Each structure stands twice: as structure tokens, then as C-alpha cells.
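[1] what's the 3D shape of this:
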Amino acid sequence: MSRRVCLSVIVLFVMFVIYFFDNGEKIIFCDVGQGDGMLVQRGMKQLVVDTGPENGKMLACLGKYMPFWDKKIDGLIVTHKDADHRGGFDIVNKYYKIENIFEVEDLKYEDKIRLGQVELKVLNSGPINDNDGSVVIELSWNNKKALLLADTTVKTQNKLLWRKLLQKKYDLVKISHHGSRDSYNEELIMETRPFMAIISVGKNSYGHPAREVISSLEGLGVQIKRTDTEGNIIVN
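    This next block holds a predicted model:
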């Protein structure tokens with residue numbers, strides 16, 4: 001065996017050991033353009049929430065953070081049937097074996113999906129083609145909590161508040177509908193007091209994210225991270 005081949009084998013072995021024994025969790029908000037796509041990773045196990053539009057960017061994100069020999073996704077959740085949440089599904093499904101697929105109609109309030117110490121709890125799920133029926137998820141990992149609002153409007157977000165379904169403090173909130181003005185609920189941000197707000201957005205003609213949304217978050221002292229300006233966003 002040549003020195004080059006031997007070195008390659010050693011490198012591959014080290015990479016495998018690192019991934020196999022890595023018990024830390026990573027939450028990656030993928031830069032999918034104007035859409036939503038997220039990877040939850042723990043060692044060699046992965047959950048995907050949404051696949052972005054049909055532009056190949058979600059596949060590129062998975063290829064960057066998953067080991068190249070790992071072609072299995074343990075679970076995939078589609079929070080909304082619109083193309084900006086599900087458009088990349090077919091190409092992801094082509095290159096990866098997806099063990100479990102959960103779509104809007106499959107999920108109901110208080111359903112839980114686990115990946116090691118990571119837990120995803122469903123707070124809202126309803127009619128397939130309705131923004132207010134999109135799947136709201138409470139994500140827990142490493143003693144941290146995140147609220148993923150999908151495309152819900154203020155109406156549904158208020159219901160979550162009135163029914164006292166939300167925590168008093170979240171480490172981060174993924175802002176609804178790419179920072180749309182009509183989907184932004186300042187009361188929810190004030191009640192849940194997140195340290196960070198994630199806005200998954202790309203080049204668009206809708207004015208997302210709205211200036212009013214950015215101003216409100218800044219005024220409340222919330223750190224803002226946007227995929228259109230920062231690319232993929234990693235939260236440990």
C-alpha cells in the first residue's frame with residue numbers, strides 16, 4: 001500500500017471516529033434562498049426540517065455538514081406544503097435514504113420526535129394548504145429551547161400565547177414566514193424573550209424581511225441572524 005493511500009485511509013478513519021463518537025448537537029439553518037430548510041445533527045444521526053425550494057441549495061447544505069459516506073437521514077419533517085418548504089424534497093430523497101417522513105397531515109399537537117437528547121415537540125398543525133396550519137415546533141437540546149414558527153400568522157401565534165403553550169424564555173425563535181410584516185407578532189417576542197432571532201430568507205420581491213420587523217427586534221434587544229446575509233447559520 002502506497003504512503004498516499006495509507007494516509008487517505010487514516011484520514012477517513014479519523015473522520016469516521018470523530019463523527020461516530022460526536023455526541024454534541026448542531027442546529028443548522030441552511031441558506032436555501034427564499035425558503036426554509038434546517039438540519040439537526042448529532043454525530044451520524046440527522047433530522048431535517050423542510051427542504052427549501054427546488055434550487056439544490058438544501059442538498060448542498062446537507063453535503064457540507066453530513067459526512068460524505070452517510071447517505072441516511074433519520075427523519076424529515078415538512079412543516080408546510082408550499083414549494084419554499086417542500087420544493088427540494090425530491091432531490092434530497094434521490095440522494096439520501098429517508099427513514100421517516102412526517103408531513104403536515106401526519107402530525108398533531110404534542111407529537112414528539114426524538115434524536116438522542118434532541119426533542120421536537122409539535123405545538124400546531126392543521127389544514128395542509130393553510131399558513132396557519134403549518135407545523136410549529138418547539139426544539140429542545142443541550143438545555144436550550146428554540147421556537148420554530150414556520151409560516152404561521154399572528155392569529156395562530158396569538159392562540160399559542162392565549163393557550164399558554166409557549167415557554168417564558170427561548171434561546172432563539174425562527175421568525176415566521178421569512179420576516180413578513182403580516183406574520184410578525186411583537187407580543188410573542190416580548191413574552192418569550194429570545195436571545196436570538198433567525199430569519200430564513202433569500203432574494204425576493206415581497207419585501208422580506210420587513211423593515212418594521214427588523215426595527216422591532218432590534219428595539220427589543222434581540223440578536224438577528226439572516227441566511228441571506230450570513231449563509232448557513234450554526235447554533236450549538
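
[2] Now the residue nearest the centre of the chain. Nearest residue, chain neighbours left out?
    Residue closest to the average C-alpha location in the chain (CA atoms, centre = their mean): Met38, at 3.1 Å. Nearest non-adjacent residue to Met38, counting by CB to CB, 6 or more residues apart in numbering: Val49, 4.3 Å away. All C-beta atoms are positioned from the backbone trio N, CA, C, and that covers glycine.

[3] surely Lys108 meets Ser125?
    Yes - using CB atoms under 8 Å, Lys108 makes contact with Ser125 at a distance of 5.9 Å.

[4] Can you tell me what sits against the host helix or strand of Leu161?
    If you go by DSSP states H and E, Leu161 is part of helix 154-162. Residues from elsewhere that reach helix 154-162, judged by CB atoms under 8 Å, 6 or more residues apart in numbering: 123-124, 132, 136, 149, 166, 176, 182-185, 187-188, 191.

[5] Looking at these, spot the one nearest Phe29.
    Leu149 (13.0 Å; CB to CB).

[6] check contacts around the residue nearest to that closest one when sequence neighbours are not counted.
    Leaving aside its sequence neighbours, Leu149 sits nearest to Ser176 (CB to CB, 6+ apart; 3.9 Å). Residues near Ser176 by CB under 8 Å, 6+ apart: Leu149, Ala150, Asp151, Thr152, Thr153, Gln157, Ser183, Tyr184, Asn185.

[7] rewinding a little: so which of the contacts of helix 154-162 sit within helices?
    Glu187, Leu188, Glu191 (DSSP state H).

[8] Top of the residues you listed by number of neighbours, please.
    Leu188 (22 neighbours; other CB atoms under 10 Å).

[9] And that residue, how far from Ile98?
    Here Leu188 is placed at a distance of 32 Å from Ile98 (CB to CB, to the nearest Å).

[10] Could you list the low-pLDDT ranges of this structure?
    1-23, 128-129 (pLDDT under 70).

[11] quick one: which helix or strand includes the residue nearest to Met38?
    Counting by DSSP H and E, Val49 is found in strand 45-51.

[12] CA atoms only: put that strand into CSV for me.
    C-alpha atoms of strand 45-51 as CSV (Å, rounded to 0.1, in the frame of the first residue of the first chain):
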residue,chain,number,x,y,z
LYS,A,45,-27.7,10.9,13.0
GLN,A,46,-29.7,13.7,11.3
LEU,A,47,-33.2,15.2,11.3
VAL,A,48,-34.2,17.6,8.6
VAL,A,49,-37.0,20.2,8.9
ASP,A,50,-38.1,21.4,5.5
THR,A,51,-36.1,21.2,2.3
